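K.L.:
take this sequence and fold it.
(3 chains, ligands or ions: 2)
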Amino acid sequence: MSTATHAHDTHGHDHAHAHDHHGPPAGFSRWMYTTNHKDIGTMYLWFSFAMFLMGGSMALLIRAELFQPGLQLVEPQFFNSLTTVHGLVMVFGAIMPAFVGFANWLVPMQIGAADMAFPRMNNWSFWLLIPAALLLVGSFFVPGGAAASGWTLYPPLIIQQGMSIDMTILAVHILGASSIMGSINIITTILNLRAPGMTLMKMPLFVWTWLITAYLLIAVMPVLAGAVTMLLTDRHFGTSFFNAAGGGDPTMFMHIFWFFGHPEVYIMILPAFGIVSQIIPAFARKPLFGYASMVYATSSIAILSFIVWGHHMFTVGMPAAGNLFFMYATMLIAVPTGVKIFNWIATMWKGSMTFETPMLFAVGFLCLFTIGGFSGLVLAITPVDITLHNTYYVVAHFHYVLVSGALFAIMAGIYFWLPKWTGHMYSEGLGKLHFWLSMIGFNVAFFPQHFLGLAGMPRRIPDYALQFTEWNQISTVGAFIFGFSQLLFLYIVISTIRGGAKAPDRTWEGADSLEWTHLPSPVPYHTFETAPVVK
Amino acid sequence: MKDAFKAVFWSFFGVRKKDEYEADTKRLTPQAVIAAGLICALAFVLVLFGIVKLVTR
Amino acid sequence: MAEPHKPTPQQRRNALLSAAVLAAMVLGIYAVFMLKVFSA
Ligand code: HEM
Ligand SMILES: [Cu+2]
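P.N.:
Ligands and ions are numbered 1, 2, ... in the order given. Predicted structure coming up:
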């Protein structure tokens, strides 16, 4: 932590040797064969952004259809495919790879390692994403259309549909393999390649959250793989795990899926906690309040995330004891989560704060993620969830935690580290504009969905009763504002890569991890060839 | 080992006093913390289950 | 110095060991799960 600041300065070293490094080879083969963690991180981030635009277009099509009651633009079956693939693309294609991109860029630099432990495996993890994405998106063009079962892949629908399901299953398998290889790489790197003096409890919180996330991935990705394997054999090899006609049980799939699924939602939020925990202290110019508490709370959130999956299944007819257990467990897991919020607020307390774009997104994260946490608590109350389950209230909840939670943290992180990565400052004015457009667009799009859900509008339906019209129209307008303002983000990032004011090595005076204190901006292609010594 | 349980208990809540944390870093090994964590998670499940049994009686 | 710096042999050994343990965890979870459901 703050001790890293006092570490022996190796600036000079990196400058002095910069000229005799071989730079990266040019052209396509640089990216194809690269084993450099920075190149791979960059590719992950661009991949993620491409998928974000892809999934975003689907979302806008959904919102356009929902602008009015009745069917205007798309067939109901295609609408179901849109919601399904939108979810899969955003979860597995946009959010998760973005965090892996951050991990690739930052973990080695923040622990003072030259690269990841297994650079070649790192390259495979990335390139596996491409066929998986092609399978997912390509499934729209096969007979029968893309998977229409919802991103949760529930039987019996998923057993009945055509070949697009097999493509989806294969895509999930490949993405799982990629995540597992990525996680093994991250864990081994963190455990074995830390610079001398970089003890575990000195690691920046981003590294800690990723260490814990990677363990979660190792634990649950095989479960997801198992679940989709069972779907595959149900479809093609005569088993009936989930097929009631053959004596199977569709709710068993739900149990298995959510045993994966709930830890998965923490997989998507813990690295966001890590990013925010780097940014808030930097702009409050104070060390993170309760660093150790944060590490401990993150670990216990990870462990407890395995015992709450039933809150997704309150309406399937579990015994009352089961419902109660999952209700209590879910409400209690909110305690360490809430403590983290308090820690961030305490970090800002009496700090000398400034609000550059990364901080704006981080504070936006803090406010809106809290709303998402509270709506989660509402849904955790079994009798309440029985009326709200499968309504727009749930849609509002998970967009508050995933968009204004995970995605806002990703945006915050991009603005925070872009000067370090590219050596240029982004345009602060445009960044702020992007923040405010996102903030307004997001809330206009998703806050009304709470009302719609409370009034009983079901999710995943292309048509609705007349009384829901106004809020749906407002929501659609917000969604388009949010969606199109991301093109501004694209413009900002590209223009920052291509030029702009020179970024100082320590762009943010309050930032104190190794990439700021020990490395120039832009970071050279190879860093920490001799490990820095952390005191 | 008792210290490990104490640390884990506070971590479920999510806070730890600074000097006690500093004492923890000296006297605890990761293995002890992980073991205590898993045992506490199990205990947590059992306690919840007991409460549930109690209220559904 | 064209080559990026390599981890020490000790670090490499430890990294391989951790990776092997983690891979065994993954395969173990998947194998136990699959054996359990497919053997009934
Ligand atoms: C305070 C913490 C949280 C609580 C108490 C909570 C509670 C819940 C509950 C009870 C549901 C089920 C609602 C229903 O289907 O009827 C739910 C759904 C969901 N939650 Fe949360 N949640 C929390 C945090 C999060 C976080 C951090 C994420 C992700 C980053 C997340 C993502 C989701 C998603 C994606 C769903 C919907 C899944 C689906 O049916 O498609 N939640 N949450
Ligand atoms: Cu959940």
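K.L.:
for the rest of this, base every contact and every neighbour count on C-alpha atoms.
P.N.:
Will do.
K.L.:
wait, A:Ile186 sits on A:Phe118?
P.N.:
No - using C-alpha atoms under 8 Å, A:Ile186 is not in contact with A:Phe118, being 9.1 Å away.
K.L.:
so which of those two has more stuff around it?
P.N.:
A:Ile186 (27 against 21; other C-alpha atoms under 10 Å in any protein chain shown).
K.L.:
can you pull the phi/psi pair for that one?
P.N.:
Here is the backbone geometry of A:Ile186 (degrees, to the nearest 10): phi -70, psi -50.
K.L.:
who touches it in this structure?
P.N.:
Residues near A:Ile186 by C-alpha atoms under 8 Å, 6 or more residues apart in numbering or on different chains: A:103, A:107, A:116-117, A:210-211, A:214.
K.L.:
all the helices of chain B, residue numbers only.
P.N.:
B:2-13, B:18-27, B:30-55 (DSSP state H).
K.L.:
swap in chain C?
P.N.:
According to DSSP H, the helices that chain C contains are C:9-38.
K.L.:
residue of it nearest chain B, please.
P.N.:
Minimum separation of chain C from chain B (C-alpha to the nearest C-alpha) falls at C:Ser18, amounting to 15.2 Å.
K.L.:
that older thread, which one of the contacts of A:Ile186 is nearest to chain B?
P.N.:
Distances from chain B to the contacts of A:Ile186, taken by C-alpha to the nearest C-alpha, are shortest for A:Leu211, at 14.0 Å.
K.L.:
please tell me how far the residue in the stretch 351-500 of chain A that chain C sits nearest to sits from A:Thr209.
P.N.:
Closest residue of the stretch 351-500 of chain A to chain C, C-alpha to the nearest C-alpha: A:Trp421 (18.4 Å). Plainly put, A:Trp421 is 21 Å away from A:Thr209 if you go by C-alpha to C-alpha, to the nearest Å.
K.L.:
which one's more surrounded, those two?
P.N.:
For A:Trp421 versus A:Thr209, neighbours defined as other C-alpha under 10 Å are more numerous around A:Thr209 (24 against 20).
K.L.:
wasn't the more buried one part of a helix?
P.N.:
Yes - counting by DSSP: H, G, I helix; E, B strand; the rest coil, A:Thr209 is found in a helix.
K.L.:
next one: it from chain C, what distance?
P.N.:
Distance of A:Thr209 to chain C, computed by C-alpha to the nearest C-alpha, to the nearest Å: 18 Å.
K.L.:
repeat that for B:Thr56.
P.N.:
Taken as C-alpha to the nearest C-alpha, the span from B:Thr56 to chain C is 32 Å.
K.L.:
next: A:Leu88.
P.N.:
Counting by C-alpha to the nearest C-alpha - A:Leu88 and chain C are separated by 22 Å.
K.L.:
do I have it right that that residue meets A:Trp151?
P.N.:
Yes - counting by C-alpha under 8 Å, A:Trp151 is a contact partner of A:Leu88 at 5.4 Å.
K.L.:
spatially nearest residue to the residue of the stretch 351-500 of chain A closest to chain C (excluding sequence neighbours)?
P.N.:
The shortest distance from A:Trp421 to any non-neighbouring residue, by C-alpha to C-alpha, 6 or more residues apart in numbering or on different chains, is to A:Pro522 (5.2 Å).
K.L.:
and what about that neighbour, helix, strand or coil?
P.N.:
coil.
K.L.:
list the contacts of it.
P.N.:
A:419-424, A:503, A:505.
K.L.:
in a markdown table, list the residues you listed along with distance to A:Thr469.
P.N.:
Formatted as a markdown table, the contacts of A:Pro522 follow (distance: C-alpha to C-alpha, whole Å):
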| residue | distance to A:Thr469 |
| --- | --- |
| A:Pro419 | 44 |
| A:Lys420 | 46 |
| A:Trp421 | 46 |
| A:Thr422 | 46 |
| A:Gly423 | 48 |
| A:His424 | 46 |
| A:Ala503 | 48 |
| A:Asp505 | 52 |
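K.L.:
so which of these belong to helices?
P.N.:
Using DSSP H, the members of these that fall in helices are A:419-422.
K.L.:
what strand or helix carries A:Asn104?
P.N.:
helix A:96-111 (DSSP states H and E).
K.L.:
name the helices or strands packed onto that helix?
P.N.:
Contact analysis of helix A:96-111 by 3 or more C-alpha pairs under 8 Å, 6 or more residues apart in numbering or on different chains; DSSP states H and E lists helix A:37-65, helix A:163-192, helix A:205-236, helix A:514-517 as its packing neighbours.
K.L.:
swap the cut-off to 10 Å and go again
P.N.:
helix A:37-65, helix A:119-138, helix A:163-192, helix A:205-236, helix A:250-267, helix A:270-284, helix A:408-422, helix A:514-517 (3 or more C-alpha pairs under 10 Å, 6 or more residues apart in numbering or on different chains; DSSP states H and E).
K.L.:
gap between that helix and the chain center?
P.N.:
How far helix A:96-111 lies from its chain's middle: 12 Å, per C-alpha atoms, centre = their mean, to the nearest Å.
K.L.:
quick one, that helix and helix A:408-422 angle?
P.N.:
Here the directions of helix A:96-111 and helix A:408-422 differ by 50 degrees (axes from the mean of the first three to the mean of the last three C-alpha atoms, to 10 degrees).
K.L.:
and ligand 1, is helix A:96-111 touching that?
P.N.:
No - for helix A:96-111, no contact with ligand 1 is found by C-alpha under 6 Å from any ligand atom; the gap never falls below 10.7 Å.
K.L.:
can you list the residues of the stretch 51-200 of chain A near chain C?
P.N.:
A:113-118, A:180-181, A:183-194 (C-alpha under 10 Å from any C-alpha of the partner chain).
K.L.:
re the thing from before, my read: the residue of chain C closest to chain B touches A:Thr188, true?
P.N.:
Yes - C:Ser18 is within contact range of A:Thr188, at 5.9 Å (criterion: C-alpha atoms under 10 Å).
K.L.:
touching both of the two, which residues are there?
P.N.:
C:Arg12 (C-alpha atoms under 10 Å, 6 or more residues apart in numbering or on different chains).
K.L.:
and those two? Which one has more around it.
P.N.:
Neighbours per residue, other C-alpha under 10 Å: of C:Ser18 and A:Thr188, the larger number sits with A:Thr188, 24 against 19.
K.L.:
do I have it right that the more buried one meets C:Ala19?
P.N.:
Yes - counting by C-alpha under 10 Å, A:Thr188 touches C:Ala19, with 6.2 Å between them.
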